[in-house]
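Participant: missing the sequence, but the structure's below:
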């Protein structure tokens, strides 16, 4: 178990979100969350996209056509702050003020995720550009020190076939349910894979059967 404590060390500064300076973290919510809110607000109020377009144009004094509203509902266009306030007022539906995603567990000794008993009620704040379906795991204890302090949060959102993550760093779930942070290498057969630590002093996990892999979207340093 001790040999695995360095597995997390491969996570480089390229993936670290610098909350204090990164403009992408400046807003409290992102496109995916607001698009879902807008769909719900329109459905609950009975206001059509065309009618919302008309009201936004009238209230704000600039042209906001139905195509723009449609992009807002799909999450492909930003909802500006003044637009958001009008939508809240017209629909009576308050916009979310923060993004929160499920906290699935903790990365501790061995860089293995310890799944929470009840993740439904455990959530953590997320970056502005969080993808739909994002979940998080939190670093716990000193096993990652000094590279990552206890309390850092790792975010991932997509499950990809192992071949798409070959020779890349990824969150990996094995067939037995264990989850690791590793570099994914080819195994000795077409259906098995080797999980490699960044530190060459530690043994590889050879010929593992994998359920899924996920690229790492963000890392939030411990506060």
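Facilitator: Arrived safely, thanks for sending. Predicted, not measured: the structure shown is a model, and the values here were computed from it.

Participant: helix/strand/coil for residue 36?
Facilitator: helix (DSSP: H, G, I helix; E, B strand; the rest coil).

Participant: which parts of stretch 71-91 are buried?
Facilitator: Within stretch 71-91, the residues scored as buried using 16 or more other Cβ atoms under 10 Å are 71-73, 75, 77, 79, 83-84, 86-87, 90-91. Any C-beta I mention is one placed from the backbone N, CA and C, and that applies to glycine too.

Participant: for the record, mean pLDDT for it?
Facilitator: Taken as a whole, stretch 71-91 has a mean pLDDT of 91.

Participant: Any idea how far apart the tips of it sit?
Facilitator: 18 Å (Cα to Cα, to the nearest Å).

Participant: before we move on, what about stretch 193-210?
Facilitator: Span of stretch 193-210 from end to end, Cα to Cα: 7 Å.

Participant: buried ones in it?
Facilitator: Across stretch 193-210, burial judged by 16+ other Cβ under 10 Å covers 193-198, 202, 205, 208, 210.

Participant: Report the distance from it to the chain centre.
Facilitator: Centroid separation for stretch 193-210 versus its chain: 25 Å, with Cα atoms, centre = their mean, to the nearest Å.

Participant: for that stretch, what is the average pLDDT?
Facilitator: Rounded mean pLDDT across stretch 193-210 is 83.

Participant: circling back: what about the buried residues of stretch 193-210, which are in strands?
Facilitator: Judged by DSSP state E, the buried residues of stretch 193-210 include 193-196, 205, 208, 210 as members of strands.

Participant: Residue 223 touches residue 153, doesn't it?
Facilitator: No: Residue 223 is beyond contact range of residue 153, at 9.6 Å (criterion: Cβ atoms under 8 Å).

Participant: okay, those two: which has more neighbours?
Facilitator: residue 153 (23 against 8; other Cβ atoms under 10 Å).

Participant: Quickly list what the more buried one is bridged to.
Facilitator: residue 138, residue 220 (DSSP bridges).

Participant: quick one, what contacts the residue most central in space within the chain?
Facilitator: Centroid-nearest residue in the chain, with Cα atoms, centre = their mean: residue 134, separated by 3.6 Å. By Cβ atoms under 8 Å, 6 or more residues apart in numbering, the contact list for residue 134 reads 101, 126, 155-157, 217.

Participant: phi, psi of the closest residue to it other than its chain neighbours?
Facilitator: Closest residue to residue 134 apart from its sequence neighbours, by Cβ to Cβ, 6 or more residues apart in numbering: residue 157 at 4.1 Å. For residue 157, the backbone dihedrals (degrees, to the nearest 10) come out as phi -140, psi -20.
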